[in-house]
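Undergrad: structure here, sequence nowhere to be found:
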């Protein structure tokens, strides 16, 4: 069983956002992620589609904040989007084996160690 948590822990601003719905602009401002990037993550199914208002505006909730924080943290660590997708699959199905995640993390660690020794 693999348990990879997707908890938003990036400061009090994100924590205070988790109890309400908000627009894509606010999500972008509060997380430091561009609106276009959030839309891209939705298009490639890294982020779930948000609910929409009667006026067709996107509305995001706590699960979106946590998932975006997880994606951004993975990118900051240098993981490619395909690797992050595997990690997110494990978040969505924690009963799966961690073998794929372990391989990805080991490969990333070797790449970082290689860059350090150069």
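TA: Thanks, I have it. It should be emphasised that the depicted structure is a prediction, and the values quoted were computed from it without experimental measurement.

Undergrad: now the helices for the protein?
TA: For the chain, helices defined by DSSP state H occupy the ranges 11-17, 24-31, 35-43, 62-76, 81-92, 99-117.

Undergrad: and those helices, which is most packed in?
TA: helix 62-76 (a mean of 19; mean count of other Cβ atoms under 10 Å). Glycine gets a C-beta too; all of them are placed from N, C-alpha and C.

Undergrad: residues near residue 59, how many?
TA: Residue neighbour count, defined by other Cβ atoms under 10 Å, stands at 15 for residue 59.

Undergrad: could you pull up the contacting residues of residue 118?
TA: Shown in contact with residue 118 (Cβ atoms under 8 Å, 6 or more residues apart in numbering): no residues.

Undergrad: now residue 116: how far from residue 83?
TA: Separation of residue 116 from residue 83 (Cβ to Cβ, to the nearest Å): 19 Å.

Undergrad: again, but for residue 68
TA: 17 Å.

Undergrad: before we move on, what about residue 33?
TA: 18 Å.

Undergrad: likewise residue 113?
TA: Separation of residue 113 from residue 83 (Cβ to Cβ) stands at 17 Å.

Undergrad: residue contacts, residue 74?
TA: Per Cβ under 8 Å, 6+ apart, neighbours of residue 74: 83, 84, 87.

Undergrad: among those, which one sits closest to residue 75?
TA: residue 84 (7.1 Å; Cβ to Cβ).

Undergrad: for the closest one, give me its contacts.
TA: By Cβ under 8 Å, 6+ apart, the contact list for residue 84 reads 46, 70, 71, 74, 75.

Undergrad: repeat that for 10 Å
TA: Residue 84 makes contact with 41, 46, 70, 71, 72, 73, 74, 75, 77, 104 under the criterion Cβ atoms under 10 Å, 6 or more residues apart in numbering.

Undergrad: residue 87 contacts residue 104, doesn't it?
TA: Yes. The criterion here is Cβ atoms under 10 Å, and residue 87 meets it with residue 104 at 7.4 Å.
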